[in-house]
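[1] Can you look at this prediction? I've put the sequence above it.
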Amino acid sequence: MSDKDFENTEVPGDEGSAAPASDPQSQGGNPPDGDELTVDDIIDAPQTDDAAAADASPEDRDLLLDLKRVQAEYANYRRRTEEQREVEISRAKGSVAKGLLPVLDDLDRAEKHGDLAEGSAIAVIAEKLRGVVARLGVETYGVAGDVFDPKQHEAIFYAPNPGGAPDGTILDVVEVGYRLGDIELRPAKVVVAGSAE
């Protein structure tokens, strides 16, 4: 046989490369129009949790529900941890500030007695210490002339009304009060005008 005989020989059942490709029209299907979904539309469509659960087997549905529960628990855990972190930061700042209150009281007394001369080394240290306390967020309260408030002030003495100040007015502040945000570190100890009744 020559090469020529092989070129013209047809193999039964072989349609070769000239066979038409199968398409919906050749198989009797409907031609795609604008209303039908394409494969890309189906692949790109987001699947809802309900649809995923409906398509899943009972074991997979249980696993999906467990996963949702774990995700919710983790979200709650993160929220609680963040809240607890803020509380612990405030508590730590308050603890440090409470430890410094006696030192601040001593500096206030020294300043009243004139022991903190302007420009002296102790005056510079006092200003630095007060700056650190202020950066922590600690605020002072309790000034002579304010109205006495038992929620904020501790009356250590009631004095007769000397100069016509109304009863319940703070005449003198023995120890300044300190607060850190909403937390009261120490009430102000004051002398109040009027009687204890």
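    Great, that's in hand.
[2] Tell me, how many residues neighbour Leu185?
    Each residue near Leu185 was counted by other C-beta atoms under 10 Å, and the total is 17. Heads up, the C-betas are built off the backbone N, CA and C, glycines and all.
[3] Okay, now the unreliable bits of this protein?
    1-35, 47, 49-56, 162-163, 195-197 (pLDDT under 70).
[4] what ranges do the strands span in it?
    Counting by DSSP state E, the chain has strands at residues 138-141, 153-159, 170-175, 177-180, 183-186, 188-193.
[5] strands paired with the longest one, and their directions?
    Put plainly, it is strand 153-159. strand 188-193 (parallel) (DSSP bridges).
[6] Can you give me the distance of the most centrally placed residue in the chain to Ile89?
    Closest to where the C-alpha atoms of the chain average out (C-alpha atoms, centre = their mean) is Glu82, at 5.5 Å. Applying C-beta to C-beta, to the nearest Å, the value for Glu82 to Ile89 is 11 Å.
[7] Distance check, the spatially closest residue to Tyr141 that is not a sequence neighbour against Glu139.
    Using C-beta to C-beta, 6 or more residues apart in numbering and skipping residues adjacent in sequence, the residue nearest Tyr141 is Gly177, 4.8 Å away. The gap separating Gly177 from Glu139 is 9 Å, by C-beta to C-beta.
[8] In contact with the nearest residue to Val103 once chain neighbours are set aside, which residues?
    Using C-beta to C-beta, 6+ apart and skipping the chain neighbours, the partner closest in space to Val103 is Leu129 (6.8 Å). Counting by C-beta atoms under 8 Å, 6 or more residues apart in numbering, Leu129 makes contact with Leu100, Val103, Leu104, Leu107.
[9] just these now: which is nearest Val190?
    Set against Val190, the nearest of the contacts of Leu129 by C-beta to C-beta is Leu104 (16.9 Å).
[10] Just give me the neighbour total for the closest residue in space to that closest one that isn't next to it in sequence.
    Excluding the flanking residues, the one nearest Leu104 by C-beta to C-beta, 6+ apart is Val133, at 6.7 Å. By other C-beta under 10 Å, 21 other residues sit near Val133.
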